[in-house]
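1. okay, sequence plus prediction incoming.
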Amino acid sequence: MSDTVISQDQKDKEAYFTAGQGQLIWTRFKKQKAAMVGAMVLAVLILSGLFAPFLTPYDPTIAGRDKEYLNGEPQIPKFWDENGFSARPFVYTYERQRSIKTNFRWQTTIDREARRYVVLLPKGDKYSYFGIEFETHLFGVDKGYIHLFGTDSTGKDIFSRTFHAINTSMAVGTIGVVIAFFMALMIGGVSGYYGGWIDSILQMITDAVRTIPTIPLFMALAAFIPAEWSAEERFFFISLLLGFIGWPTLARRVRTHLLAERSQEYVLAAQLCGASSGHVIRKHLLPSFTSYIIVDLIISFPYMVLSETALSFIGLGLKDPVNSLGVMLQNVTSADVLLNYQWYFIPVLFFITLVLAFVFVGDGLRDAADPYADTKK
């Protein structure tokens with residue numbers, strides 16, 4: 001028994017000392033419960049956004065689809081009520097009319113006798129993946145419409161809008177992060193490797209970009225955006241803008257690391273073997289801190305999403321009919337919504353959850369990538 005235990009301990013030690021950097025980071029990351037929960041939540045949200053056309057019942061860009069249910073309350077499927085049990089979930093039929101008792105506001109009357117049953121995989125609005133058109137959705141009702149999160153003032157389904165908005169905001173964040181990532185590697189790598197006057201000039205440019213006030217910049221650029229631009233053109237413009245102003249922080253870190261590593265023996269050996277500067281940077285210096293770069297990328301995502309949301313929220317970014325979290329947050333700024341249409345805040349909860357998930361995953365990766373994390377405790 002003792003021999004078995006000793007041999008198992010030896011195997012564990014051998015596995016630890018022979019494990020690669022990625023395996024060590026994953027092992028430390030799994031020990032952090034908050035980071036693992038954040039990773040699972042983040043994965044669910046990302047997949048929900050990617051498959052939003054299938055998971056949601058309606059096209060979120062079509063206004064006036066349900067003209068009889070404007071600013072409608074969320075419809076929660078039920079299995080039973082005072083009329084008896086049903087094996088299939090159902091929602092009630094709603095009738096809306098204006099009443100003098102409510103100052104001619106819309107008044108909703110529930111017809112509890114008229115049930116509309118939830119069905120799986122119904123045919124609906126067409127959507128495409130990889131150029132292939134589909135029209136099957138995860139759920140719907142046998143007649144009429146179902147609105148799990150209610151509807152907005154134009155009759156759009158908030159449930160469908162929310163999941164499509166997650167996908168749009170993530171797409172903007174991804175493009176912005178990729179652009180910022182490559183600019184940071186190029187500028188930070190050249191600055192840190194060569195030093196001297198090249199480093200001075202590039203750091204002056206980096207400092208200049210860091211000191212640009214973002215809100216006045218966004219307002220100035222918004223004034224020059226042509227009103228006839230399509231939603232797709234606005235989307236790519238905002239993505240490029242976020243990428244071109246988001247690289248200085250990572251570039252500074254890349255530069256600092258390369259300044260410390262460029263005099264190491266393995267770098268001198270590569271140079272003596274005739275390796276070019278680009279080869280040394282790509283094959284030797286940057287891979288030496290790949291884990292930190294990955295952590296920076298993950299941490300940058302919530303800031304990109306926050307930036308897109310802030311731009312769209314103040315009217316300088318994406319606009320209807322594009323569905324993004326920032327566009328949807330524009331609808332919760334009035335007191336009328338706060339007092340009468342609280343379901344407009346449901347996308348806000350998804351936005352907070354998305355950002356917190358990124359924060360927990362980023363913090364977990366940062367601790368897992370730190371080789372001295374265990375010795376600090």
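-> Arrived safely. Residues are numbered from 1 along each chain as shown.

2. report the contact partners of the residue sitting nearest the centre point of the chain.
-> Nearest to the mean C-alpha position of the chain, counting by Cα atoms, centre = their mean, stands residue 170 at 3.6 Å. Listed by Cβ atoms under 8 Å, 6 or more residues apart in numbering, the contact partners of residue 170 are 46, 49, 305. C-beta: built from backbone N, CA, C; applies to glycine.

3. okay, it and residue 285: tell me how far apart.
-> As judged by Cβ to Cβ, to the nearest Å, residue 170 and residue 285 stand 31 Å apart.

4. hey, where'd the strands end up in the stretch 101-250 of the chain?
-> In the stretch 101-250 of the chain, the strands defined using DSSP state E, counting those that start in this stretch lie at 106-120, 123-129, 132-136, 139-141.

5. packing partners of the second one?
-> Packed against strand 123-129 by the contact rule (3 or more Cβ pairs under 8 Å, 6 or more residues apart in numbering; DSSP states H and E) you find helix 52-55, strand 132-136.

6. give me whichever of these is most buried.
-> Greatest average neighbour count among the helices and strands packed on strand 123-129 goes to helix 52-55 (a mean of 20), per mean count of other Cβ atoms under 10 Å.

7. what about that one, average pLDDT?
-> Mean per-residue pLDDT for helix 52-55: 95.

8. and the next element down the chain from it?
-> For helix 52-55, the succeeding helix or strand toward the C-terminus, using DSSP states H and E, is strand 78-81.

9. paired strands for that following strand, with orientation please.
-> Pairing partners of strand 78-81, with direction, according to DSSP bridges: strand 84-98 (antiparallel).

10. residues of the partner strand that come out buried?
-> Residues of strand 84-98 classed as buried: 89-94 (neighbour count, 16 or more other Cβ atoms under 10 Å).

11. how about stretch 324-335?
-> Neighbour counts over stretch 324-335 (16+ other Cβ under 10 Å) mark 324-332 as buried.

12. residue 145 is in contact with residue 58, correct?
-> Yes. Contact criterion Cβ atoms under 8 Å: residue 58 and residue 145 qualify, at 7.4 Å.

13. contacting residues around the closest residue to residue 262 other than its chain neighbours?
-> If the residues on either side of it in the chain are set aside, residue 262 comes closest to residue 193, at 5.6 Å by Cβ to Cβ, 6 or more residues apart in numbering. Contacts for residue 193 (Cβ under 8 Å, 6+ apart) come out as 258, 262, 277, 280-281, 285.

14. now, of these, which are buried?
-> If we count by 16+ other Cβ under 10 Å, the contacts of residue 193 have these buried: 258, 262, 280-281, 285.

15. what's the closest of those to residue 135?
-> For those, the minimum distance to residue 135 (Cβ to Cβ) is 49.9 Å, reached by residue 281.

16. hang on, that closest one in a helix?
-> Yes. Under DSSP: H, G, I helix; E, B strand; the rest coil, residue 281 falls within a helix.

17. surely it meets residue 257?
-> No. Taking contacts as Cβ under 8 Å, residue 281 lies outside contact range of residue 257: 11.1 Å.

18. how about the helices in the stretch 151-300 of the chain?
-> For the stretch 151-300 of the chain, applying DSSP state H, counting those that start in this stretch gives helices covering 158-194, 196-210, 214-224, 231-245, 248-261, 265-272, 277-280, 290-313.

19. can you say which of those helices is nearest to residue 37?
-> It is, among these and with distance given as Cβ to Cβ, helix 290-313, at 15.4 Å.

20. now do that closest one and helix 231-245, the angle between them.
-> Computed by axes from the mean of the first three to the mean of the last three Cα atoms, to 10 degrees, the angle separating helix 290-313 from helix 231-245 equals 130 degrees.

21. which helices and strands sit right next to helix 290-313?
-> helix 21-30, helix 158-194, helix 231-245, helix 248-261, helix 325-329, helix 346-369.

22. show me the shaky parts of the stretch 101-250 of the chain.
-> Along the stretch 101-250 of the chain, segments meeting pLDDT under 70 span 101-107, 231-232.

23. from the buried ones among the contacts of residue 193, which single one is nearest residue 337?
-> For those, the nearest to residue 337 is residue 258 (50.6 Å; Cβ to Cβ).

24. and the pLDDT at that closest one?
-> Looking at residue 258, the pLDDT reads 85.

25. was I right about it contacting residue 282?
-> No. Residue 258 is beyond contact range of residue 282, at 11.8 Å (criterion: Cβ under 8 Å).

26. a markdown table for the contacts of residue 170, including neighbour count?
-> Shown next, in a markdown table, are these (neighbours: other Cβ atoms under 10 Å):
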| residue | neighbour count |
| --- | --- |
| 46 | 15 |
| 49 | 21 |
| 305 | 26 |
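
27. just those residues: which has the poorest pLDDT?
-> Ranking the contacts of residue 170 by pLDDT, residue 305 lands last with 80.

28. now that residue: closest residue in space, sequence neighbours ignored.
-> residue 173 (4.6 Å).

29. and that neighbour, how far is that from residue 228?
-> Taking Cβ to Cβ, one finds residue 173 at 26 Å from residue 228.

30. between the two, who's got more neighbours?
-> Between residue 173 and residue 228, residue 173 has the larger neighbour count (other Cβ atoms under 10 Å), namely 26 against 6.

31. list the contacts of the residue lying closest to residue 70 once chain neighbours are set aside.
-> Distances taken as Cβ to Cβ, 6+ apart put residue 155 closest to residue 70, at 5.1 Å, once the chain neighbours are dropped. Contacts for residue 155 (Cβ under 8 Å, 6+ apart) come out as 63-67, 69-70, 72.

32. what do you get for residue 296?
-> 249-250, 253.

33. any idea how far it is from residue 161?
-> In this view, residue 296 and residue 161 are 32 Å apart by Cβ to Cβ.

34. do residue 69 as well
-> Residue 69 is 15 Å from residue 161, by Cβ to Cβ.
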